[in-house]
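> predicted coordinates and the sequence they were generated for:
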Amino acid sequence: MIVEAAWLIKLLLAHLLTDFVLQPSSWVTKRREKHFASPKLYLHGLVTATLAWLLIGWHYWPIALIILLTHIVIDGWKSYQKDTASYFIFDQALHLSVILGCWFYLFVSRTNLMITWEQLYTNTGLISRITAFVFVTFPSGIIIGQLTKQWREKIKDPVNSLANAGKWIGIAERVIVLILVIHHQYAAIGLLITAKGIIRFGEKDREEIKTEYLVLGTLLSIGLAIITGLMIN
């Protein structure tokens, strides 16, 4: 029932792209080393604000300015914290709160909130799907990586080949599941899970901790894709 839902999705898309897809890992490393003295911190904030500005329109520059300042402050604060799932989730919650606050004050409070669901779908259908597919790629992978970090660190895998392969397998898996959910092909998801289970069943002499890591990662990956697809539908 919110007439400017499309603007919220655009702000979320800008955040997902710049925080997870377009941000090199070297920027994060530099930020953790130099904190507020790192030029990469300010460059990342500028990229985030600029993309949001481009998506929502030039005349909404106050939103871009608020996102620029708060993004720098939040990421600078996080650079002092431990690299744990708890701080990661709290960091993203802060960014989301800023986005919701800007959107509500500048858009929702100034518009007529009475609109039909048919009009809402027409205005936001395409951008919603684009945002969903962006989310199930690198953003979801990073979220899963944070949540399974304690298991991954215990695996004897010196070259980190398991995590690297799992990243791309997970992206392909989530994209396929999202497409299936959008088209209501839930039985096919069951076949996909079964096929993956058969492949894993043939592996022998595997550490118990690695099995737990793979099972948990798979459940989180498929679960995120299904939830995202259901929200889009």
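Yep, it's here.
> show me how this protein divides into domains.
Structural domains annotated on the chain: 5-113, 146-232, as defined by automatic domain parsing.
> need these in a markdown table (columns: mean pLDDT).
Output for the domains of the chain, formatted as a markdown table (pLDDT from 0 to 100):
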| stretch | mean pLDDT |
| --- | --- |
| domain 5-113 | 89 |
| domain 146-232 | 76 |
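> most tightly packed of these?
Here the criterion is mean neighbour count by mean count of other C-beta atoms under 10 Å, and of the domains of the chain the winner is domain 5-113, at a mean of 17. Heads up, the C-betas are built off the backbone N, CA and C, glycines and all.
> scan this protein for its longest helix.
Assignment by DSSP state H gives helix 208-232 as the longest helix of the chain.
> quick one on the thing from earlier: between the domains of the chain, which gets nearest to residue 130?
domain 5-113 (6.6 Å; C-beta to C-beta).
> could you give the separation of the closest one from the chain centroid?
In terms of C-alpha atoms, centre = their mean, to the nearest Å, the centre of domain 5-113 is found 12 Å from the chain centre.
> ok, now which ones touch residue 83?
residue 32 (C-beta atoms under 8 Å, 6 or more residues apart in numbering).
> would you map the helices across the chain?
5-16, 25-34, 39-56, 61-78, 85-106, 117-135, 138-147, 149-152, 161-182, 186-201, 208-232.
> other SSEs contacting the longest helix of the chain?
With contacts defined as 3 or more C-beta pairs under 8 Å, 6 or more residues apart in numbering; DSSP states H and E, the packing partners of helix 208-232 are helix 117-135, helix 138-147, helix 149-152, helix 161-182, helix 186-201.
> and the angle from that helix to helix 161-182?
Here helix 208-232 runs at an angle of 30 degrees relative to helix 161-182 (axes from the mean of the first three to the mean of the last three C-alpha atoms, to 10 degrees).
> run through who's touching helix 208-232.
Counting by C-beta under 8 Å, 6+ apart, 128-129, 132, 135-136, 140, 143-144, 147-148, 151-152, 154-155, 162, 166, 170, 173-175, 177-178, 180-182, 189, 193, 196, 200 sit against helix 208-232.
> let's go with 7 Å and repeat that
With contact meaning C-beta atoms under 7 Å, 6 or more residues apart in numbering, helix 208-232 is reached by 128-129, 132, 135-136, 140, 144, 147-148, 151-152, 154-155, 166, 170, 173-174, 177-178, 181-182, 193, 196, 200.
> check stretch 46-64 too.
Applying C-beta under 7 Å, 6+ apart, the contact partners of stretch 46-64 are 7, 10-11, 13-15, 17-19, 22, 67-68, 71, 102, 106.
> tell me how far the ends of it are from each other?
End-to-end distance for stretch 46-64, by C-alpha to C-alpha, to the nearest Å: 9 Å.
> can you tell me how far the spatially most central residue of the chain is from residue 13?
Against the mean C-alpha coordinate of the chain, by C-alpha atoms, centre = their mean, the closest residue is residue 139 at 3.0 Å. Distance of residue 139 to residue 13, computed by C-beta to C-beta, to the nearest Å: 11 Å.
> and if you look at residue 225?
From residue 225 to residue 13 the distance is 17 Å (C-beta to C-beta).
> re earlier: got CSV for the helices and strands packed on helix 208-232, with distance to residue 35 too?
CSV is the format used below for the helices and strands packed on helix 208-232 (distance: least, C-beta to C-beta, whole Å):
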stretch, distance to residue 35
helix 117-135, 28
helix 138-147, 20
helix 149-152, 22
helix 161-182, 27
helix 186-201, 41
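> rewinding a little: which ones are touching the residue nearest to the residue nearest to the centre of the chain when sequence neighbours are not counted?
Of all residues not flanking residue 139 in the chain, residue 20 sits nearest, at 4.0 Å (C-beta to C-beta, 6 or more residues apart in numbering). Residue 20 makes contacts with 138-139, 142, as judged by C-beta under 7 Å, 6+ apart.
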